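Predicted model and sequence below, questions to follow.
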Amino acid sequence: MQKNPASPGAASPAPARRDFLKQGCAACLGAAAVLGPAAVGARVFLDPLTRLKTAESFEKVTTLDALPEDGTPMQFPVLADRRDAWTKFSQVPIGAVFIQRQEKDKILALSVVCPHAGCFVDYKEDEQGFLCPCHNSLFLKTGALKDKDSPSPRPLDSLEVQVRNKNEVWVRYQDFQLGITEKKPVA
């Protein structure tokens, strides 16, 4: 009498070697078919978060015509397009600068932020210089420290400035570390 393979107690046949290889290859190909596009999709989705910060660029701030010829500093906002992960913001304030004409085409741009504690400085016409209202740091019109005993560890931070198209004033705006004697950009 022959044993019925379906009956209890009957030994099941061992899987063939070829069946094992077929199933293994199918599992690998299936995983590649799913994981490859999933990895690419995740990379595209997370791309805005993984981009390195781009170098600060020059932003148009004003025109030469708006600057007094006597060298009086004028405060201007710095507006720029910014991207926050997936959202783009057009012409948002990123800071402010004092700009003054030193000669006909020579321009000085100074950050409005005091290097001591980050307060905004004001230009005082009667002092012919800048005053930080937080700790009374005094700066000359050129941004240099007026008093060697000032709480500020360094002069006001100057910024790169360019005159383009014979009349446009462009500034490379950036923030610097506070409370240290060396002028170091914030990373």
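Structure received.

which other residues reach the helix or strand harbouring Gln91?
Using DSSP states H and E, Gln91 sits in strand 87-101. If you take C-beta atoms under 8 Å, 6 or more residues apart in numbering as the criterion, strand 87-101 is touched by 59, 61-62, 64, 67-69, 71-83, 107-113, 120-121, 123, 130, 141, 156, 159, 161, 169, 171, 173, 175. All C-beta atoms are positioned from the backbone trio N, CA, C, and that covers glycine.

Which of these fall in strands?
Judged by DSSP state E, the contacts of strand 87-101 include 59, 61-62, 74-83, 107-111, 123, 130, 159, 161, 169, 171 as members of strands.

Where does the prediction get shaky in this protein?
1-15, 47-56, 85 (pLDDT under 70).

again, only this time at 80
Applying pLDDT under 80 to the chain picks out residues 1-18, 42-56, 83-87, 103-105, 187.

Spell out the secondary structure type for Gly30.
Under DSSP: H, G, I helix; E, B strand; the rest coil, Gly30 falls in the helix class.

sorry, that was for Leu21
helix.

which ones are touching Arg154?
115, 145, 180-183.

By neighbour count, which of those wins?
Pro115 (26 neighbours; other C-beta atoms under 10 Å).

how much space is there between that one and Gln177?
8 Å (C-beta to C-beta, to the nearest Å).

How about Arg101?
29 Å.

Would you mind telling me which of the two has the busier surroundings?
A side-by-side neighbour count of Arg101 and Gln177, using other C-beta under 10 Å, places Arg101 first with 20 against 13.

For burial, what's the neighbour tally of Ala96?
By the criterion of other C-beta under 10 Å, Ala96 has 15 neighbours.

wait, Tyr173
Neighbours of Tyr173 using other C-beta under 10 Å come to 21.

Report whether the expected contact of His116 with Asn136 is present.
No. Using C-beta atoms under 8 Å, His116 and Asn136 do not qualify as a contacting pair, with a distance of 10.0 Å.

Can you work out which residues contact both of those two?
The contact lists of His116 and Asn136 share Pro151, where a contact means C-beta under 8 Å, 6+ apart.

okay, the two: which has more neighbours?
Between His116 and Asn136, counted using other C-beta under 10 Å, the more crowded position is His116 (18 against 11).

quick one: that one and Ile99, what's the gap?
His116 is 22 Å from Ile99, by C-beta to C-beta.

With Leu35 instead?
For Leu35 relative to Ile99 (C-beta to C-beta), the value is 55 Å.

So between those two, which is more surrounded?
Between Leu35 and Ile99, counting by other C-beta under 10 Å, Ile99 is the more crowded of the two (21 against 10).

I'd guessed Met74 sits against Thr63; true?
No. Met74 is beyond contact range of Thr63, at 11.3 Å (criterion: C-beta under 8 Å).
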